[in-house]
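1. Provided below for reference: sequence and predicted model.
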Amino acid sequence: MPNDASLAALDVTDRQRGVITRRQALSAGLGAGLIESRLELGRWQRLHTGVYAAFSGPPDRQATLWAAVLRAGKEQP
């Protein structure tokens, strides 16, 4: 059963085509160690510095656009 942090992160990734920033993940309650573990295990992938795809495999166009916007723009809560 997912915990509150996982559900909060899932809410973000659902809105952003599977893309999440490090700041959003930390704000959702995911620890830095968990983020790094997901990256190391290949469950997540780094798209830009501090911007991750919360899935494996190639990102689609929408996920790529979200990643660019999140990397370039001011992050919204």
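-> Nice, thanks for sending it over.

2. list the contacts for the spatially most central residue of the chain?
-> With distances taken as CA atoms, centre = their mean, Ile20 lies nearest the centre of the chain, 2.4 Å away. Neighbouring residues of Ile20 by CB atoms under 8 Å, 6 or more residues apart in numbering: 9, 12-13, 28, 51-52, 54. No exception for glycine: its C-beta is placed from N, CA and C like everyone else's.

3. ok, and the closest non-adjacent residue to Thr64?
-> Once flanking residues are discounted, Thr64 sits nearest to Leu47: 7.5 Å by CB to CB, 6 or more residues apart in numbering.

4. Model confidence for Ala54, exactly?
-> The model reports Ala54 with a pLDDT of 96.

5. Sticking with the nearest residue to it once chain neighbours are set aside, tell me its helix or strand.
-> Nearest residue to Ala54 in three dimensions, chain neighbours excluded: Thr13, at 4.7 Å (CB to CB, 6+ apart). Per DSSP states H and E: Thr13 is located in helix 4-15.

6. send the alpha carbons of that helix over as CSV?
-> Presented in CSV, the C-alpha positions along helix 4-15 are these (Å, rounded to 0.1, in the frame of the first residue of the first chain):
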residue,chain,number,x,y,z
ASP,A,4,1.3,9.5,1.9
ALA,A,5,4.6,10.6,0.3
SER,A,6,4.2,8.2,-2.6
LEU,A,7,0.6,9.3,-3.1
ALA,A,8,1.6,13.0,-3.1
ALA,A,9,4.4,12.3,-5.6
LEU,A,10,2.0,10.3,-7.7
ASP,A,11,-0.4,13.2,-7.8
VAL,A,12,2.4,15.5,-9.1
THR,A,13,3.6,13.0,-11.8
ASP,A,14,0.0,12.4,-12.9
ARG,A,15,-0.4,16.1,-13.7
